[in-house]
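Novice: when you get a sec, could you give me coordinates for this:
(chains A, B, C and D)
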2 protein chains.
Amino acid sequence: MARSISKGEATREAILEAGLSLAREVGLSALTIGELAERVGMSKSGLFAHFGAKEELQLGVLRAAQQRFDDEVARQAFREPRGLARMRALFGRWLSWTAAQPQGGCVILSAAGEFDDRPGVIRDHLAQQQRGWLQGLARLVGQAIEAGELPADTDEAQFAFELFGLILSSHHHVRLLSDVGFLQAAHAGLERLIGNPPRRPG
Amino acid sequence: MARSISKGEATREAILEAGLSLAREVGLSALTIGELAERVGMSKSGLFAHFGAKEELQLGVLRAAQQRFDDEVARQAFREPRGLARMRALFGRWLSWTAAQPQGGCVILSAAGEFDDRPGVIRDHLAQQQRGWLQGLARLVGQAIEAGELPADTDEAQFAFELFGLILSSHHHVRLLSDVGFLQAAHAGLERLIGNPPRRPG
DNA sequence: TTTAAGATCGAACGATCGTGCTATTATTGG
DNA sequence: CCAATAATAGCACGATCGTTCGATCTTAAA
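Specialist: Model prediction:
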């Protein structure tokens, strides 16, 4: 049996796994070491020793969430060919991902709301993550342009901004109003965006 | 001097005022009675006596935020004539309102993210508030249709959903990335929405 | 001005927070 | 299998949490 991973790293991953679902329920800022220790079945101090500071634990959870997203949404969507196909795949997977989490939706989106006015390492991490997402979306738009599926003067940044708004609105309404019908509204919004994309100012 | 308001109600309002700005900074769920008491310069127990439970304090803050929004955004915008003028006025005021708060953005939007998966009175209140907003937006769309400024088969609910997404995206990016340029992107999104509105399915 | 009602305070409660220590138990490379 | 090292537990700390209670002080009506 290949044991390439040490015991410590294994528990660390288990902690982050549990921390991810706890953060989904109560928010990243309300994540508590005591409660988390109880869930993974170990002592507060034993858990704490893996991170040295609560902020480090929160960053770990954030990184775990991002990796999860990359694996289950981004990477899967990138199996589609460049252009609208890939964009639609990413959009659809993203939407069902935020809606399908058993409780609590997307940790990263929630955390952005909690930390957007509390300067510090976590906010910096979230801001960088957000810039990355916007750029990634804009790149998808650029590839659709190259494929001739969108007009050459499509405003990539504006397109990404509006696309993100559809995701936010869907996440917001699905979560708060428990009505998955808003997923369909987001899809309709994407099609309208594709059919009548924003143009770069002449 | 007209003293129509009792001493108790006056302090209660002062508490909610301070609670509003504290909630903007740390979030509604992280609002703390001790910290709030220190800010208004009274004892924890004295403050607590006004509400009887923390949840009641949070509800009070939420109601105060809504009233603030009604006074400074909705009511002002309703001085414009029905139709696109009113819609643009509301949209613009709403955007600058979420962006102009000294710290913390919109309490209600942030709270929605924090409580969207914690059943209880607060979530119920937020959900109802949200439904009200969506309906109000849809009504604005309906009035623009009546005024002949939008096609008769415009999908009012879909329009409201997308419009809300623009506001969310703007709030999200302005707050997290501290870049007010996203306000302009939201305005551009609204114009595209008006110029090419979603239609009701055939 | 007296008095009943309302507003505020101080102290304390059990609980939990994040974080150090020290000891003890598990794991692992030689 | 043994020794070095890593992982975990136990306990304690000061701080703060929401809440209760009884005492005190302030207001408003008679």
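Novice: which helices and strands sit right next to the helix or strand where A:S169 lies?
Specialist: Per DSSP states H and E: A:S169 is located in helix A:156-177. Packed against helix A:156-177 by the contact rule (3 or more Cβ pairs under 8 Å, 6 or more residues apart in numbering or on different chains; DSSP states H and E) you find helix A:84-100, helix A:121-146, helix A:181-195, helix B:107-115, helix B:121-146, helix B:156-177, helix B:181-195. For glycine as for every other residue, the C-beta is placed from the backbone atoms N, C-alpha and C.
Novice: what angle do the second one and helix A:156-177 make?
Specialist: This means helix A:121-146. 120 degrees (axes from the mean of the first three to the mean of the last three Cα atoms, to 10 degrees).
Novice: and helix A:121-146, what's buried?
Specialist: Across helix A:121-146, burial judged by 16 or more other Cβ atoms under 10 Å in any protein chain shown covers A:122-123, A:125-127, A:129-130, A:133-134, A:137-138, A:140-145.
Novice: near DNA strand D, list only the ones from those.
Specialist: Restricting the buried residues of helix A:121-146 to those touching DNA strand D (Cβ under 7 Å from any atom of the strand) yields no residues.
Novice: picking that back up, could the helices and strands packed on helix A:156-177 go into CSV alongside distance to DNA strand C?
Specialist: As requested, the helices and strands packed on helix A:156-177 are arranged in CSV below (distance: least, Cβ to the nearest atom of the strand, whole Å):
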stretch, distance to DNA strand C
helix A:84-100, 26
helix A:121-146, 12
helix A:181-195, 33
helix B:107-115, 16
helix B:121-146, 20
helix B:156-177, 23
helix B:181-195, 32
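Novice: what would those helices look like in JSON lines with mean pLDDT?
Specialist: Listed next are the helices and strands packed on helix A:156-177 as JSON lines, based on pLDDT from 0 to 100:
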{"stretch": "helix A:84-100", "mean pLDDT": "95"}
{"stretch": "helix A:121-146", "mean pLDDT": "98"}
{"stretch": "helix A:181-195", "mean pLDDT": "98"}
{"stretch": "helix B:107-115", "mean pLDDT": "94"}
{"stretch": "helix B:121-146", "mean pLDDT": "98"}
{"stretch": "helix B:156-177", "mean pLDDT": "97"}
{"stretch": "helix B:181-195", "mean pLDDT": "98"}
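Novice: and the ones you listed as JSON lines, adding distance to B:E35?
Specialist: What follows is those, written out as JSON lines (distance: least, Cβ to Cβ, whole Å):
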{"stretch": "helix A:84-100", "distance to B:E35": "32"}
{"stretch": "helix A:121-146", "distance to B:E35": "20"}
{"stretch": "helix A:181-195", "distance to B:E35": "36"}
{"stretch": "helix B:107-115", "distance to B:E35": "16"}
{"stretch": "helix B:121-146", "distance to B:E35": "19"}
{"stretch": "helix B:156-177", "distance to B:E35": "22"}
{"stretch": "helix B:181-195", "distance to B:E35": "31"}
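Novice: helix, strand or coil for whichever residue of chain A sits closest to DNA strand C?
Specialist: Nearest residue of chain A to DNA strand C: A:G34, at 2.4 Å (Cβ to the nearest atom of the strand). Secondary structure, DSSP: H, G, I helix; E, B strand; the rest coil: A:G34 is helix.
Novice: quick check: A:Q143 touching A:L90?
Specialist: No. Contact criterion Cβ atoms under 8 Å: A:Q143 and A:L90 do not qualify, at 11.3 Å.
Novice: so what sits against both of these two?
Specialist: When Cβ atoms under 8 Å, 6 or more residues apart in numbering or on different chains defines a contact, no residue borders A:Q143 and A:L90 alike.
Novice: hmm, A:R118 is touching B:V26, no?
Specialist: Yes. Here A:R118 reaches B:V26: they are 7.4 Å apart, a contact under Cβ under 8 Å.
Novice: who has more neighbours out of these two?
Specialist: Using other Cβ atoms under 10 Å in any protein chain shown as the criterion, A:R118 and B:V26 rank with B:V26 on top: 18 against 15.
Novice: so the more buried one touches A:D116, yeah?
Specialist: No. B:V26 lies out of contact with A:D116 (Cβ under 8 Å); the separation is 11.7 Å.
Novice: in chain A, which residue sits closest to DNA strand D?
Specialist: Among the residues of chain A, A:G8 lies closest to DNA strand D, at 1.8 Å counting by Cβ to the nearest atom of the strand.
Novice: other residues contacting stretch A:60-67?
Specialist: Applying Cβ under 8 Å, 6+ apart, the contact partners of stretch A:60-67 are A:12, A:15-17, A:19-20, A:23, A:28, A:31, A:51, A:106-108, A:111, A:122, A:125-126, A:129.
Novice: go again using 6 Å as the cut-off
Specialist: Outside of stretch A:60-67, the residues within contact range by Cβ atoms under 6 Å, 6 or more residues apart in numbering or on different chains are A:L16, A:G19, A:L20, A:A23, A:V107, A:I108, A:H125.
Novice: show me the contacts for the last one.
Specialist: Shown in contact with A:H125 (Cβ under 6 Å, 6+ apart): A:L62.
Novice: then the fifth one?
Specialist: Contact analysis of A:V107 by Cβ under 6 Å, 6+ apart lists A:A23, A:R24, A:A65.
Novice: flag every residue of chain A that's near DNA strand D.
Specialist: Within chain A, the residues that sit near DNA strand D (Cβ under 7 Å from any atom of the strand) are A:6-9, A:11, A:41-47, A:49-50.
Novice: most surrounded residue in these?
Specialist: For the residues of chain A next to DNA strand D, the largest number of neighbours (other Cβ under 10 Å) sits with A:L47, at 23 neighbours.
Novice: which one is that residue nearest to, not counting chain neighbours?
Specialist: A:A37 (4.5 Å; Cβ to Cβ, 6 or more residues apart in numbering or on different chains).
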